[in-house]
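S.K.: sequence and predicted structure, then a few things I'm wondering about:
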Amino acid sequence: MYLKNEMPAYRTPLDPRDARMLSAEGAADVMGMLAMRDHNEATPMHALPGLAAELGLGALHVKDEGQRLGLGSFKALGGAYALLRLVQDHAARQWGREVTVQDLMSPEIRSLAAGLTFACATDGNHGRSVAQGARLIGANAVVFVHAGVSDARVDAIARFGARIIRVAGNYDDSVAEAAHVAQRQGWTVLSDTSWPGYERIPALVMQGYTAIVQEALAQLDQPPSHVFLQAGVGGFAAAIAGHLAVILGDRRPHVTIVDPARAACLFQSARAGRVVKVAEGKATVMAMLECYEPSLVAFRVLERVADGFMTVDEADAVDAMRRLAQPVDGDPPLVCGESGGAGLAGLLVASGRAGLAPAIGLGPAARVLVINTEGATDPARYAQLVGRRPQDVLEGAA
């Protein structure tokens, strides 16, 4: 199912708050902060000429976030960046002077950070990023996880020293519980979704993701003509699409937002022309995208810069995982999680739908970019779905 963006705000300038957040200057701040972290090298960009030819495209590239900062997901960029910025701002207020990025590793900052506690809800990856950022600077992290988060993902968060609190229900329930408990305890909520009156911190999380665009444009010979971006609450998709629009202007690519059909909150919000909460149904295999209400900030960006919205089914996501793990001859094998390949799943569905591909410009002149947002964050589940262990796939690329 594909929905062309016909909202009144479409192709209008970004809200000034969002334009500042997604500006080149904001991205420069992100890159400066990124340079001080371990394993900070750019994630790889892979060309898939075999699959591009099969789909009738001029070029297809995958930006692979599967090893980002050693955490296995693009979210390593957002939560930790926002936490470090918040500690930096707190120190500046306490000391009445500017605090630089270089100051953040000082004993004085760590002593100050030890008195701060950051709380978040997560499907797995955002919590790992917040927990890693807290350990890096000496702060405390409390991570709320809902019933659908696997033990493997919980263990991956706990390894960074975060306190884990289990919550009955879904992701949205864990977001509400984290906000409630944090208010009672005097903790700082570090959410990757936003709601009325709570925008700055999720905007910082989104700003962290602009590093992906900065790297991608440096790795490609020319900007993409089309981008397919998977979405949960929409923060990642809005950051990528919004930053591309800000820095490329009229040369910006055609952007399609891809939702799981079982949790299509952005698709339905685009249809309604406003943020809507969709009903919870059967869980989606795309667990990291299983969200039922969009981020307010993200939707505000996407209603202006997204060209279309679509949904993909469960089998589409698994098919994308398998296509990357067992690629066309000449293409490298890649490991992606269920959610990580959803953007590619959207491209595969759009390319196979009669009339849709030419309508949105997919053809021999198209240069398509998709982003693998996560590796096999749950290796056992990956092996079950793909039929191969992640290490066996990667050994095939050696």
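M.R.: Good, I have the coordinates.

S.K.: every contact and neighbour count from this point should use C-alpha atoms.
M.R.: Will do.

S.K.: quick one: contacts for the closest residue to Gly208 other than its chain neighbours?
M.R.: Using CA to CA, 6 or more residues apart in numbering and skipping the chain neighbours, the partner closest in space to Gly208 is Gly78 (4.4 Å). With contacts defined as CA atoms under 8 Å, 6 or more residues apart in numbering, the neighbours of Gly78 are His126, Ser129, Leu204, Val205, Met206, Gln207, Gly208, Tyr209.

S.K.: now with 6 Å, please.
M.R.: Going by CA atoms under 6 Å, 6 or more residues apart in numbering, Gly78 touches Val205, Gly208, Tyr209.

S.K.: compare the residues you listed and tell me which is most surrounded.
M.R.: For the contacts of Gly78, the largest number of neighbours (other CA atoms under 10 Å) sits with Gly208, at 30 neighbours.

S.K.: so how many other residues sit close to Glu293?
M.R.: 25.

S.K.: residue contacts, it?
M.R.: Residues in contact with Glu293 (CA under 6 Å, 6+ apart) are Cys265, Lys277.

S.K.: tell me the SS of Phe144?
M.R.: strand (DSSP: H, G, I helix; E, B strand; the rest coil).

S.K.: so it touches Ala168, yeah?
M.R.: No - Phe144 lies out of contact with Ala168 (CA atoms under 6 Å); the separation is 10.2 Å.

S.K.: hey, which helix is longest across the protein?
M.R.: Longest helix of the chain, by residue count under DSSP state H: helix 78-95.

S.K.: starting at the chain centroid, how far to the helix or strand just after that helix?
M.R.: Using DSSP states H and E, the next helix or strand after helix 78-95 towards the C-terminus is helix 107-113. Relative to its chain's centre, helix 107-113 lies at 30 Å (CA atoms, centre = their mean, to the nearest Å).

S.K.: which parts of the longest helix of the chain are buried?
M.R.: Of all the residues in helix 78-95, those buried under the rule 16 or more other CA atoms under 10 Å are 78-88, 90-91.

S.K.: can you check stretch 97-108 too?
M.R.: By 16+ other CA under 10 Å, the buried positions in stretch 97-108 come out as Val99, Val101, Leu104.

S.K.: now swap in stretch 40-58 and tell me
M.R.: If you call a residue buried by 16+ other CA under 10 Å, then stretch 40-58 has these buried ones: 42-52, 55-57.

S.K.: next: stretch 142-158.
M.R.: Per 16+ other CA under 10 Å, stretch 142-158 contains these buried residues: 142-146, 148-150, 153-154, 156-158.

S.K.: swap in stretch 291-310?
M.R.: Buried residues in stretch 291-310, defined by neighbour count with 16+ other CA under 10 Å: 291-310.

S.K.: ok, now stretch 11-18?
M.R.: Within stretch 11-18, the residues scored as buried using 16+ other CA under 10 Å are Arg11, Leu14, Asp18.
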